[in-house]
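Peer 1: could you work out the structure for the sequence below:
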Amino acid sequence: LDGRTASLLWQTIAGTWQDGPLEAARLTEYLTKAIRESKQHTSWVTPDERYERAVLSFATTALSDPEVLDTFAAWERRVAPGVRAATLGQKLVQLTLPGVPDVYQGTEALAVALVDPDNRRPVDVAALARTLARLDAGETPRGLAEEKLQVTSRALRLRRAHPEAFIGPEAGYQPLPSSSGHALAFARTVGDRPVSLTVATRLALSLDRMGGWGTHTVALPDGDWLDVLTDQVVPGGLVRLADLLQTYPVALLTPVEVDT
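Peer 2: Residues are numbered from 1 along each chain as shown. This next block holds a predicted model:
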């Protein structure tokens, strides 16, 4: 197995690891397409069956090797805080930045997908609806997939309730000052009136190693703000990130008097 293909294999296992490895059939289908389209040792026109068998055999053996599985499981535990911050932060920023966001079907929660046709698998919409109903009834999200669904649903509902803050001639964007270079904060406004505040984080894993947020703050506009992810009411002014982000590594706030 050549170095480039081995690197692709390990990166694919890492990138698709979700409480365990990707199913062998999905991995081998993806690898077959990848190595043929790289055209280094095999191709669609002139496939090298011996080389392909060797690559796929190595991949399926790796997925059943206890040492490999233990190594990736330990890696997943180590990077989990950073993955959580990146997953929730990127989704919230995507849904609240200027522009029209695209939510690809199934990505309301975690959706591990490779290139087509793997990314065209059926979406269990009924299961997503049942989970969303539980969250709407007040249940605490169980794991990162449900946290992402909560963030997605709350952000989209805020956009639906106040489209004038996100689309149209009065929709505005205002950065919010933060004393940390690892926090991104901004308001979406109608004219000069803030309607939505987004606070997202970048390097949760590194910050944990540095002792957390410490005394870092973010400056919120005047008034009382409701975090629609936690139902926490936050006063305006300088707010400690450690207090604001004690439940999630993100916050989505709206004025208390604004319906969501």
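Peer 1: does residue 60 lie in a helix or a strand, and which?
Peer 2: Residue 60 is part of helix 49-63 when elements are defined by DSSP states H and E.
Peer 1: what is the rounded mean pLDDT of that helix?
Peer 2: Helix 49-63 comes out with an average pLDDT of 97.
Peer 1: who are the packing partners of it?
Peer 2: When contacts are defined as 3 or more Cβ pairs under 8 Å, 6 or more residues apart in numbering; DSSP states H and E, helix 49-63 packs onto helix 3-16, helix 24-38. Glycine gets a C-beta too; all of them are placed from N, C-alpha and C.
Peer 1: longest helix in this structure, please.
Peer 2: helix 66-96 (DSSP state H).
Peer 1: and it, what's buried?
Peer 2: Using 16 or more other Cβ atoms under 10 Å as the test for burial, helix 66-96 gives 69, 72, 81-89, 91-93, 95-96.
Peer 1: what do you get for stretch 42-55?
Peer 2: Across stretch 42-55, burial judged by 16+ other Cβ under 10 Å covers 42, 51-52, 55.
Peer 1: what's in contact with that stretch?
Peer 2: 1, 5, 9, 31-32, 35-37, 41 (Cβ atoms under 8 Å, 6 or more residues apart in numbering).
Peer 1: now for the residues you listed: which two are most distant?
Peer 2: Using Cβ to Cβ, the pair of these lying farthest apart is 1 and 37, separated by 17.5 Å.
Peer 1: tell me the centre residue of the protein?
Peer 2: In the chain, the centroid-proximal residue (Cα atoms, centre = their mean) is residue 87; its distance is 1.9 Å.
Peer 1: can you pull out the helices in the stretch 151-260 of the chain?
Peer 2: Under the criterion DSSP state H, counting those that start in this stretch, the stretch 151-260 of the chain contains helices at 204-209, 241-244.
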